[in-house]
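Engineer: Build me a model:
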Amino acid sequence: MIKAGVGRSNNPDAIKAGAEACQQAMNQAGGKADLVIIFSTVAYDQKKILEGVKFVSKEIPLVGCSDSGEITAEGPTSKYVAVIALNTDLEWTIGIGKGTDKDSFQAGKEAAEQVKKKAKAPPSLFLMFLDGLAENGAAAVRGIQEIFGKHFPIMGGSAGDDFAFKKTFQYYNDQVLTNTVIGVGISGKFSFGVGVRHGWEPIGLPMKVTKSKGGVLKELNNQPALRIYEDYFGKKAEELTKEPIARMAYTYPLGMSVKGSPELLIRDVIIANEKGEITCAAEIPEGSEIRLMLGDPDNAIQAAKEAAEGALSQLKGAEPKVIFVFDCMARNKLLGSRIGEEIVAIQSVLGRETPLIGFYTYGEQAPLGGVLGPECFSVFHNETMALLVLGE
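Structural biologist: The predicted structure follows:
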């Protein structure tokens with residue numbers, strides 16, 4: 001049995017906002033739940049938000065993170081708190097890994113170890129909520145795979161802070177944390193499907209990564225990496241380093257060729273320095289071939305629909321009961337006033353009445369190409385629509 005309720009609030013009082021959103025969710029879930037998940041703007045005092053939610057949810061296990069916009073079945077919002085209450089006969093096991101600013105791999109591994117140790121039955125799926133400013137988001141995914149295996153399905157999103165790129169927050173029971181990865185193992189009898197598409201198109205000629213370290217892209221074709229944006233935008237390095245380059249380049253990310261993916265794997269650029277180095281949201285290994293990418297609203301909306309269709313097909317006839325949406329904040333910016341069309345496209349496939357929750361992320365974690373089974377390989381994405389649908 002899977003029953004879920006979703007609530008949201010933008011009450012100016014943070015405690016009341018948390019309580020209102022949670023109460024709505026609990027009411028729709030039948031008055032009880034075995035897990036509560038929260039996504040919230042950083043405009044609210046984070047401890048007060050949690051206080052309000054806990055006032056209603058009491059001792060129910062709780063996880064979640066801050067965001068750059070909330071998503072529910074009613075559509076996208078900004079500066080809200082959104083809550084889902086999950087009333088199921090499944091086992092939800094939560095764990096935490098710390099120190100993502102120093103060693104994301106170890107943090108991911110630690111969260112996975114806790115989940116594996118505490119779970120009464122082996123999980124079939126791992127949900128993760130990662131600090132959006134982690135030193136290497138891809139390494140956190142590998143840390144989880146170290147414990148659960150290379151082909152284990154991992155889904156999730158990286159916390160945001162309303163496009164400020166200063167500090168993100170993660171929620172674990174009654175704690176507000178930073179520099180952490182929160183893990184949730186799901187065990188029991190249930191069906192699930194995933195959809196992973198972005199719709200961005202490559203422009204310009206391929207370039208080879210000749211020097212990089214982790215998430216820092218140093219040289220392309222033996223030239224300073226920033227040259228790719230200097231040439232395209234016609235701006236000098238000094239202009240591109242005055243503020244986070246992400247503010248300007250969110251519609252022009254980098255795409256990396258990866259075996260097994262029908263689309264190039266996207267990498268967001270976050271900041272650049274005077275040396276011409278670009279820090280990305282996750283690693284781009286030396287030797288990789290990359291392209292500058294261009295976003296188009298129509299293609300992005302179509303990609304969301306295709307992601308929903310892919311997830312539905314994997315349910316193999318099971319009824320969608322809960323939809324989780326991990327959607328990059330760059331897509332939010334790209335779509336602008338058309339932002340709601342993306343969610344409508346998903347609902348046209350998965351049902352308008354199906355409980356839906358999600359957030360605008362600083363990165364998405366999902367199987368490459370949306371593939372499950374023996375060929376499943378979960379990776380860190382950017383600028384991508386990543387959907388998880390639970391069914392029965």
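Engineer: What residues of stretch 45-53 count as buried?
Structural biologist: By neighbour count, and taking 16 or more other C-beta atoms under 10 Å as the criterion, the buried residues in stretch 45-53 are 46, 48-53. Backbone N, C-alpha and C define where each C-beta goes, glycine included.
Engineer: those helices in this protein, which residues are they?
Structural biologist: Secondary structure of the chain (DSSP state H): helices at 14-28, 46-57, 104-118, 137-148, 227-233, 237-240, 246-249, 297-314, 329-335, 339-350.
Engineer: Report the contact partners of Ile278.
Structural biologist: Under the criterion of C-beta atoms under 8 Å, 6 or more residues apart in numbering, the contact list for Ile278 reads 216-217, 225-226, 229, 245, 269, 271-272.
Engineer: Show me what it bridges to in the sheet.
Structural biologist: Leu217, Ala272 (DSSP bridges).
Engineer: any idea how far it lies from Ala225?
Structural biologist: Counting by C-beta to C-beta, to the nearest Å, the separation of Ile278 from Ala225 is 5 Å.
Engineer: Find residues that contact each of these two.
Structural biologist: In the contact map built from C-beta under 8 Å, 6+ apart, the residues linked to both Ile278 and Ala225 are Leu217.
Engineer: Break this structure down into its structural domains.
Structural biologist: As assigned by automatic domain parsing, the chain contains the domains 2-197+299-391, 201-294.
Engineer: Return the most buried member of those domains.
Structural biologist: Neighbour counts averaged per stretch over the domains of the chain are highest for domain 2-197+299-391, at a mean of 22; criterion: mean count of other C-beta atoms under 10 Å.
Engineer: Run the chain-centre distance for that domain.
Structural biologist: Using C-alpha atoms, centre = their mean, to the nearest Å, the distance from the centre of domain 2-197+299-391 to the centre of the chain it belongs to is 7 Å.
Engineer: same question for it, mean pLDDT?
Structural biologist: Average pLDDT, domain 2-197+299-391: 97.
Engineer: and that domain, how far apart are its ends?
Structural biologist: Distances were taken as C-alpha to C-alpha, to the nearest Å; on that basis the terminal residues of domain 2-197+299-391 are 8 Å apart.
Engineer: And the residue nearest the centre of the chain, how far from Arg338?
Structural biologist: Using C-alpha atoms, centre = their mean, the residue of the chain that lies closest to the mean C-alpha position is Gly157, 1.8 Å off. Distance, Gly157 to Arg338, using C-beta to C-beta: 21 Å.
Engineer: beta partners of the closest residue to Lys32 other than its chain neighbours?
Structural biologist: For Lys32, the nearest residue in space outside its immediate sequence neighbours is Asn87; the separation is 5.5 Å by C-beta to C-beta, 6 or more residues apart in numbering. Here Asn87 sits in beta bridges with Lys3, going by DSSP bridges.
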